[in-house]
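Engineer: Could you work out the structure for the sequence below:
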Amino acid sequence: MVNYCAAALLVMLAWLIPGAAWASPAAPLLAQAASVEVVDVTPAAISDSDIPTFAKAYQEVQLLRMQAEREMVKAVEDEGLGIERFNAIAETQLSGGAESPEDMAKVAEKAKISKKENKQFKAAVDRIIAIRQDTEAEMEKAIEADGMTIDTFNSILEQSADDNDLKRKISDEIVKQTLVTADSAAQAE
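Structural biologist: Numbering: from 1, shown residues only. Below is the predicted model:
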């Protein structure tokens, strides 16, 4: 239930933060769409040596993402809202066309959101934005620490969305790395 709520929370919050969504393969394109004319570009070839590096970085990014989800859920709950209520308020803001604080206040009044809940919601959103920004910075550091540029990582992630062979190679490498880690841990005991 918590994973579903966290996922719903993240989906509902996608509209809150400008820029790339860090779990979406299409995010690099979306982040550039507003300011760059779309040009059909052939993706760079991915070498076999990029796969292990990408797989390691991807696993680290996913761990950071899961930790951020837990922190976001805690932030919402610490502000006195349940995840379902937070998502309901967020949905109201979305469907009500709220784009400014004044719009949000009008939508909140119309949707029977108390001033206390509106204040809790805003505080939770502020905390979530901070968590997300910190997490994105940590993700970038993790990717670069593994010897890969952010552009290369995003390119491979984007290409893997449409390339089943590449997905398989990445998946196989993740399994291989997981088994090596498990074997090393077992031998250390």
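Engineer: just checking, what packs against whichever strand or helix holds residue 58?
Structural biologist: Element membership for residue 58 (DSSP states H and E) is helix 50-78. The criterion is 3 or more CB pairs under 8 Å, 6 or more residues apart in numbering; DSSP states H and E, and the helices and strands that helix 50-78 contacts are helix 2-13, helix 83-95, helix 115-145, helix 150-162, helix 164-188. Using the backbone N, CA and C atoms, a C-beta is placed for each residue, glycine as well.
Engineer: export the ones you listed to a markdown table and tack on distance to residue 56 and mean neighbour count?
Structural biologist: Listed next are the helices and strands packed on helix 50-78 as a markdown table, based on distance: least, CB to CB, whole Å; neighbours: other CB atoms under 10 Å:
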| stretch | distance to residue 56 | mean neighbour count |
| --- | --- | --- |
| helix 2-13 | 24 | 15 |
| helix 83-95 | 32 | 18 |
| helix 115-145 | 9 | 17 |
| helix 150-162 | 11 | 17 |
| helix 164-188 | 6 | 12 |
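Engineer: Any regions of the chain where pLDDT drops low?
Structural biologist: Regions of the chain meeting the criterion pLDDT under 70 cover residues 1-44, 96-111.
Engineer: make it 80
Structural biologist: Applying pLDDT under 80 to the chain picks out residues 1-45, 93-112, 183-186, 188-189.
Engineer: does residue 47 sit in a helix, a strand or a coil?
Structural biologist: With DSSP: H, G, I helix; E, B strand; the rest coil as the basis, residue 47 sits in coil.
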